[in-house]
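> coordinates for the following, if possible.
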Amino acid sequence: IQDAHRALELSGAQGVMVGRGIMRNPWLLLQISQSLKGIKPFVPTLSDRHEILTRYLKMRAMVSEKEHVQLGRMKKVITYFTKGLPSGAKLRKSLHQSSSVSEILHMISVYFQSLILQERQDAFCQVHPEYKS
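Below you'll find the model as predicted:
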């Protein structure tokens with residue numbers, strides 16, 4: 001978002017291109033637009049991230065291609081999408097060894113469920129520090 005502001009300011013252009021950044025953050029155009037209007041940008045939850053990635057992967061699986069081509073494209077998007085997320089590198093390493101679309105969907109589901117559970121536990125411990133492990 002800050003890069004978009006800087007690019008617009010320096011160039012005087014009326015718009016910006018986002019390129020691969022949109023693969024990591026599908027909400028980027030919305031966030032840039034909101035920020036330019038002075039609105040606090042939308043911050044996706046882990047559930048939002050899980051939902052949109054799963055939806056993309058399921059749509060991608062419906063494309064008429066050989067499975068190894070689908071897997072390659074899915075793995076590429078997942079690599080961008082999970083950069084910067086907790087344990088993202090570990091997930092990517094496992095995903096790159098997967099051999100089916102259903103295996104990838106399962107791994108993504110387990111990954112996000114564990115992140116969401118951890119986030120809830122962290123939030124609970126912030127409210128109730130006596131339960132912190």
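
> which parts of the lengthiest helix in the chain are buried?
The single longest helix within the chain, with elements called by DSSP state H, is helix 101-127. By 16 or more other C-beta atoms under 10 Å, the buried positions in helix 101-127 come out as Val101, Ile104, Leu105, Ile108, Tyr111, Phe112, Leu115. Bear in mind the C-beta positions are built from the backbone N, C-alpha and C, glycine included.

> thought the last one was touching Leu85?
Yes: between Leu115 and Leu85 there is a contact under C-beta atoms under 8 Å: 7.2 Å.

> could you measure from the residue nearest the centre of the chain over to Ala61?
Central residue of the chain (C-alpha atoms, centre = their mean): Phe81, 3.9 Å from the mean position. For Phe81, the distance to Ala61 equals 16 Å [C-beta to C-beta, to the nearest Å].

> what of Ser99?
Ser99 sits 14 Å away from Ala61, taking C-beta to C-beta as the criterion.

> neighbour count winner among these two?
Taking other C-beta atoms under 10 Å, Ser99 and Ala61 do not tie; Ala61 has more neighbours (16 against 10).

> tell me the pLDDT of the more buried one.
Predicted confidence (pLDDT) for Ala61: 86.

> what sits against it?
By C-beta atoms under 8 Å, 6 or more residues apart in numbering, the residues touching Ala61 are Gln70, Met74, Val101.

> contacts for the host helix or strand of the first one?
Right, the one you point to is Gln70. Here Gln70 sits within helix 67-82, counting by DSSP states H and E. Here helix 67-82 makes contact (C-beta under 8 Å, 6+ apart) with 20, 23-24, 49, 53, 56-57, 60-61, 63, 65, 88, 91-92, 95-96, 98-101, 104, 108.
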